[in-house]
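# Task: produce atomic coordinates for the following.
(chains A and B)
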Amino acid sequence: MSDPRVAGAGVTSFGKHPERTGRDLFAEAGLEALDASGVDPDDVDALYYGNFMGELAEHQGHQGPLMAEAIGLDVPATRLEAACASAGAAIREAVKNLRNGEQDVAVVGGAERMTNIGTAAATDALAIAADDLYEIRAGMTFPGAYALMARSYFEQYGGEHEDLAHIAVKNHEHALVNEHAQIRKEITVEEAVDAPTIASPLGLYDSCPITDGAAAAVLTTAEYAEEHGLDAPVAVTGTGQGGDNLALQDRPHLAQTPAADKAADEAYADAGVGPDDVDFAEVHDCFTIAEVLAIESLGLYDRGEGIHAATNGETDRHGELPVNLSGGLKAKGHPVGATGVAQLATIAWVLDGSHPRADAVPDGTVGVAHNAGGTVASTTVHVLEVRE
Amino acid sequence: MTEKAPDGAYDAWLNAIEDGEGHYLECENDHGWLPPRRVCPVCSSRDLSEKSLPDSGEIASHTTITVPTPQFEDDAPYVTAIADFGPVSVTGLVRGVDPEDVGIGDVVGVEVGERETTGDRAVVLRPR
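Next comes the predicted model:
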């Protein structure tokens, strides 16, 4: 069985839509993906759907069948929850079932409604991806957790807040032309450094916003795509997932993300490529330090070197290895359960030339998506390649 | 109002700290964990025994949180840190020192305090 193809994708505008239900957001993205794919909805075999805080934000569990219904599908539908890596886990499930021949067509997607509950409640809801007994009860928030990782990184490898500011500036600039992005506003290094602190050493511009939104993609087997004459040149050629202790206190390193190391190793081996083959990446920059940890775990930079990548201009759209051409979570926004599939959509669109930042890698053939849950206790990595 | 049920071995651990008998669990291969645990996540050993928590540890990383969850609204700004006690690390609220003066390597002990916002018990790290 050859590698699954991305037949179509759809992404809502990311931002504040407090009045829109999760089912409405997902319906928009899912129907856009179905229309773009050229697939007859009757041919869809399954829906794999990512969502994290539905019970808290909408008092709505069991969202799989709800979302299948929302896009007019009568198929087995399963919600996958791996915190912020929920949609990455959904992609992985679909890829495995397409490869093993069980299914020919699957819809993957995710949605999150977050702004309707306000900043304090959303902060609380996000925090439950951490260890309740030993972290949340000690006042841990998610910015706080990443702040602990950032301070540890600086202590171990060097670097400073200004290096993180360069990541924020880069991702904001990348998002300027992304019509899906929540924040389309250029910022300066000085503004990022001087922004109000949320959890020292991280400030407002080190943190992704709270976001409503949805993303979906239609994946098919290569054989189905060929048989039905689909224009689907981009394949998911590698999938990997890694795990780690839930609580930071139980890990040997605060400045490394071994779950992402494992996911990357598995995905690269699965695809038969290595870090040197990667033309660009979409990584999980929920906080600026997370982008540093991600590009090191992906093997794109040595330990301790990732902190300088944005400062040196290497990961911007003019650099050797563009990272987060979409604007990343930092500027595009982070509707938690949708993020992994939004990353996949970005990569597919860059590879097929339809993304507004595709000119950054005009000859690109390999893109990597890194989707992390919690403080990287769950991570999925997917390799996408042009096959035609 | 229904009284909140205790959280088993976790609340027992807090009680023990309050009694000056802080402890952790150690497997036969010397991997340390805080309760509740039935198995060592590193080596899968189920042979866990209770050991005394070292009297002091060193702060491994810290942050001053200014945007809290609602449960810590009246506590903010506050310092949360992870302290390395050798066999285990402990996350707690740092008290008894100006937030500006907290640093990596500072020596702290563990005690049980209260959240200002809710009055719930919380792990506190205090300079030794």
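# Which stretches in the chain count as strands?
No chain specified, so I'll use chain A. A:5-11, A:46-50, A:77-80, A:105-112, A:197-199, A:202-203, A:213-220, A:234-243, A:280-282, A:366-373, A:378-386 (DSSP state E).
# ah, no, chain B please
Ranges of strands within chain B are B:23-26, B:32-33, B:49-52, B:57-65, B:78-84, B:89-94, B:107-114, B:121-127, based on DSSP E.
# out of these, nearest to A:L164?
strand B:57-65 (14.0 Å; CB to CB). Yep, even glycine has a C-beta here, placed from its N, CA and C like the rest.
# between the closest one and strand B:107-114, what angle do the directions make?
Angle between the axes of strand B:57-65 and strand B:107-114 is 50 degrees (criterion: axes from the mean of the first three to the mean of the last three CA atoms, to 10 degrees).
# Averaged pLDDT, stretch A:83-93. What do you get?
Here stretch A:83-93 scores 98 as its mean pLDDT.
# Can you report how many residues neighbour the closest residue to A:A217 other than its chain neighbours?
Closest residue to A:A217 apart from its sequence neighbours, by CB to CB, 6 or more residues apart in numbering or on different chains: A:A9 at 4.2 Å. Each residue near A:A9 was counted by other CB atoms under 10 Å in any protein chain shown, and the total is 27.
# what do you get for B:C27?
Other residues close to B:C27 by other CB under 10 Å number 20.
# Distance-wise, check it relative to B:A76.
In this view, B:C27 and B:A76 are 38 Å apart by CB to CB, to the nearest Å.
# what's the answer for A:V283, then?
With CB to CB as the criterion, A:V283 and B:A76 are 30 Å apart.
# Sketch out the low-pLDDT regions of the chain for me.
The chain I'm using is chain A. Within chain A, the segments meeting pLDDT under 70 span A:1, A:388.
# right idea, wrong chain: chain B
B:1-2.
# Just want the residue of the stretch 201-350 of chain A that's nearest chain B.
The nearest approach of the stretch 201-350 of chain A to chain B comes at A:Q249, 4.1 Å away (CB to the nearest CB).
# Now that residue: closest residue in space that isn't a chain neighbour?
In space, and not counting its chain neighbours, A:Q249 is closest to B:S89: 4.1 Å by CB to CB, 6+ apart.
# wait, what's in contact with that neighbour?
A:Q249, A:D250, B:G57, B:A60, B:I82, B:A83 (CB atoms under 8 Å, 6 or more residues apart in numbering or on different chains).
# Residue 100 - how many residues pack around it?
No chain specified, so I'll use chain A. Close neighbours of A:N100, defined as other CB under 10 Å, add up to 9.
# meant chain B, my bad for not saying
By the criterion of other CB under 10 Å, B:E100 has 9 neighbours.
# What residues of stretch A:43-50 count as buried?
Neighbour-count burial for stretch A:43-50 flags A:V44, A:D45, A:A46, A:L47, A:Y48, A:Y49, A:G50 (criterion: 16 or more other CB atoms under 10 Å in any protein chain shown).
# Alpha carbons of it, in PDB - could you do that?
C-alpha atoms of stretch A:43-50 as PDB (Å, rounded to 0.1, in the frame of the first residue of the first chain):
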ATOM      1  CA  ASP A  43     -16.900   7.400  -0.300                       C
ATOM      2  CA  VAL A  44     -15.700   8.600   3.100                       C
ATOM      3  CA  ASP A  45     -15.000   5.700   5.400                       C
ATOM      4  CA  ALA A  46     -14.200   7.400   8.700                       C
ATOM      5  CA  LEU A  47     -13.700  10.600  10.600                       C
ATOM      6  CA  TYR A  48     -10.800  11.100  13.000                       C
ATOM      7  CA  TYR A  49     -11.300  14.300  15.000                       C
ATOM      8  CA  GLY A  50      -9.200  16.200  17.500                       C
END
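# hang on, A:L148 packs against A:L254?
Yes: the pair A:L148 and A:L254 passes the contact test of CB atoms under 8 Å, sitting 6.1 Å apart.
# quick one: A:T365 and A:V383 touch, right?
No: contact status for A:T365 versus A:V383: not in contact, 10.9 Å apart, counting by CB under 8 Å.
# For the stretch 101-250 of chain A, just list every one of the helices.
Remark: helices assigned in the stretch 101-250 of chain A by DSSP state H, counting those that start in this stretch are A:118-127, A:142-157, A:161-175, A:189-194, A:222-227.
# can you redo those as CSV with distance to B:A12?
Shown next, in CSV, are those (distance: least, CB to CB, whole Å):
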stretch, distance to B:A12
helix A:118-127, 24
helix A:142-157, 26
helix A:161-175, 41
helix A:189-194, 45
helix A:222-227, 56
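# how near is A:G110 to chain B?
24 Å (CB to the nearest CB, to the nearest Å).
# quick one: contacts for that residue?
Counting by CB under 8 Å, 6+ apart, A:G110 has contacts A:26, A:49-51, A:86-87, A:90, A:214-216, A:335, A:337-341.
# Next, count neighbours for B:V112.
Look at B:V112: counted by other CB under 10 Å, it has 17 neighbours.
# my bad, should have said B:D30
The tally of other residues near B:D30 (other CB under 10 Å) stands at 11.
# So the residue of the stretch 1-150 of chain A found nearest chain B versus A:T221, what's the distance?
Per CB to the nearest CB, A:A147 is where the stretch 1-150 of chain A lies closest to chain B, at 3.7 Å. According to CB to CB, A:A147 and A:T221 sit 44 Å apart.
# quick one: which of the two has more around it?
Comparing A:A147 with A:T221 by other CB under 10 Å, the one with more neighbours is A:A147, at 29 against 21.
# Go ahead and confirm that one touches A:P201.
Yes: if you go by CB under 8 Å, A:A147 and A:P201 touch, sitting 6.3 Å apart.
# Check the contact lists of those two and give me the overlap.
Common contact partners of A:A147 and A:P201 (CB under 8 Å, 6+ apart): B:T63.
# Up against chain A, what does chain B have?
Contacts of chain B with chain A, taken as CB under 8 Å from any CB of the partner chain, map to B:7, B:10, B:33-34, B:41, B:60-73, B:75, B:78, B:80-82, B:88-93, B:104, B:115, B:120, B:122-123.
# Using neighbour counts, trim those to the buried set.
For these, a burial check counting by 16+ other CB under 10 Å picks out B:10, B:33-34, B:60-69, B:71-72, B:75, B:78, B:80-82, B:88-93, B:115, B:122-123.
# check contacts around B:P70.
Taking CB under 8 Å, 6+ apart, we find B:P70 in contact with A:A120, A:A121, A:D124, B:T117.
# what about A:E186, neighbour count?
As a burial measure, A:E186 scores 12 neighbours (other CB under 10 Å).
# isn't it right up against A:E173?
Yes: assessed by CB under 8 Å, A:E186 is found in contact with A:E173 at 5.9 Å.
# How about the contacts made by the residue lying closest to A:A372 once chain neighbours are set aside?
Of all residues not flanking A:A372 in the chain, A:H284 sits nearest, at 4.0 Å (CB to CB, 6+ apart). Each residue near A:H284 by CB under 8 Å, 6+ apart is listed here: A:C84, A:A85, A:A290, A:E291, A:A294, A:L329, A:T339, A:Q343, A:H370, A:N371, A:A372, A:T379.
# is it true that the second one touches A:A369?
This points to A:A85. No: look at A:A85 against A:A369 with CB under 8 Å: they stay out of range, at 10.6 Å.
# and for those two, which residues touch both?
Joint contacts of A:A85 and A:A369 (CB under 8 Å, 6+ apart) are A:G340, A:T380.
# Which one's more surrounded, these two?
The neighbour comparison of A:A85 against A:A369 (other CB under 10 Å) goes to A:A85, with 35 against 29.
# Near residue 8, how many other residues are there?
No chain specified, so I'll use chain A. By other CB under 10 Å, the residues close to A:G8 number 24.
# that answer is for a different chain, and I need it for chain B
B:G8 has 11 neighbouring residues, counting by other CB under 10 Å.
# Would you confirm that it contacts B:P36?
Yes: shown here, B:G8 and B:P36 form a contact pair, counting by CB under 8 Å, at 5.9 Å.
# For A:T211, which non-adjacent residue is spatially closest?
Once flanking residues are discounted, A:T211 sits nearest to A:G333: 3.6 Å by CB to CB, 6+ apart.
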